[in-house]
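K.L.:
Pasting the sequence and the predicted coordinates here, then a few questions.
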Amino acid sequence: MRKPFIAANWKMNTDMASAVELAGGVAKEIAGIENVKTAVCPPFVYLQKVAENLSHGGNLHLGAQDVYFEGNGAFTGEISCEMLKDVCVEYVITGHSERRHVIGETDELINKKTRAALDAKLLPILCIGELLEEREAGKTNAVVANQVKKGLAGFSAAEAVEITLAYEPVWAIGTGKTATSEQAQEVHAMIRSLLAEMYDQATAEAIIIQYGGSAKPANTEELMSCPDVDGLLVGGAGLKVESFSEMIKITSKLYS
Ligand SMILES: O=C[C@H](O)COP(=O)(O)O
């Protein structure tokens, strides 16, 4: 059985004090929960301080929201995998829709970042998802399948199982419009059958596929009950100790 994975992407939110308080509060609330993998992804500048405050061990892991694929050099403003590892980061989000559509990242760049992360022994969370106009034009499966194929290009089956996929329909992010559990399950199932074609059934069954887009305590049970939804990548509801911890507790109960 796949171990569920609930991660919070804090995006460009919090400050030093609230970042430490939020991570510490969640860690305290979920202490003892072992059947769910959990992570928080603070802004780069707060990673070290959050890491120091989580260093007592426990189940809350640290992720970054992005990474650059080069090791070092003249890449102003960028952060390398080794820099992230220096501050105890274990997970890294690649290809978030805000980086694709606001910053303009391409599938090729996202693939390079995912490759660099995995080679450096960071665990990538590779995001994919369609825009509203793509869904309305009936292109959801084609868009998502293309992103999965390009994102995972060059990865072997043994490597692919280390990568978490996060399906985030762009129209559901930060809008309050969650995909229905049927819509989420349909795309997750399509992704899993694509993974079986690209690799094999066992590999497809082993890969964690998170859902993201207005996930909150009220819809956690329904989403996490879908057979192919293995976790959540949480934005807004991940910024409060109570809501994020609640989502982890609901998931833990569901899987116990
Ligand atoms: O990475 C997280 C997603 O973009 C979801 O954000 P949201 O939960 O605020 O809709």
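P.N.:
Structure received. Residues are numbered from 1 along each chain as shown.

K.L.:
Enumerate the residues of the chain near the ligand.
P.N.:
The chain comes close to the ligand at residues 9, 96, 168, 173-174, 212-215, 233-237, as judged by Cβ under 6 Å from any ligand atom. In this view, the C-beta of every residue, glycine as well, is placed from N, C-alpha and C.

K.L.:
Contact partners for the residue of the stretch 101-250 of the chain found nearest the ligand?
P.N.:
Proximity of the stretch 101-250 of the chain to the ligand (Cβ to the nearest ligand atom) peaks at residue 235, 2.2 Å away. Neighbour list for residue 235: 8-9, 11, 173-174, 212, 214 [criterion: Cβ atoms under 8 Å, 6 or more residues apart in numbering].

K.L.:
Could I get the pLDDT score of residue 1?
P.N.:
Residue 1 carries a pLDDT value of 80.

K.L.:
and if you look at residue 144?
P.N.:
98.

K.L.:
what do you get for residue 139?
P.N.:
98.

K.L.:
Kindly provide the distance from the residue nearest to it when sequence neighbours are not counted to residue 21.
P.N.:
Of all residues not flanking residue 139 in the chain, residue 130 sits nearest, at 6.7 Å (Cβ to Cβ, 6 or more residues apart in numbering). According to Cβ to Cβ, to the nearest Å, residue 130 and residue 21 sit 36 Å apart.

K.L.:
higher neighbour count, these two?
P.N.:
residue 130 (24 against 15; other Cβ atoms under 10 Å).

K.L.:
pretty sure the residue nearest to residue 139 belongs to a helix, no?
P.N.:
No: read with DSSP: H, G, I helix; E, B strand; the rest coil, residue 130 is coil and lies in no helix.
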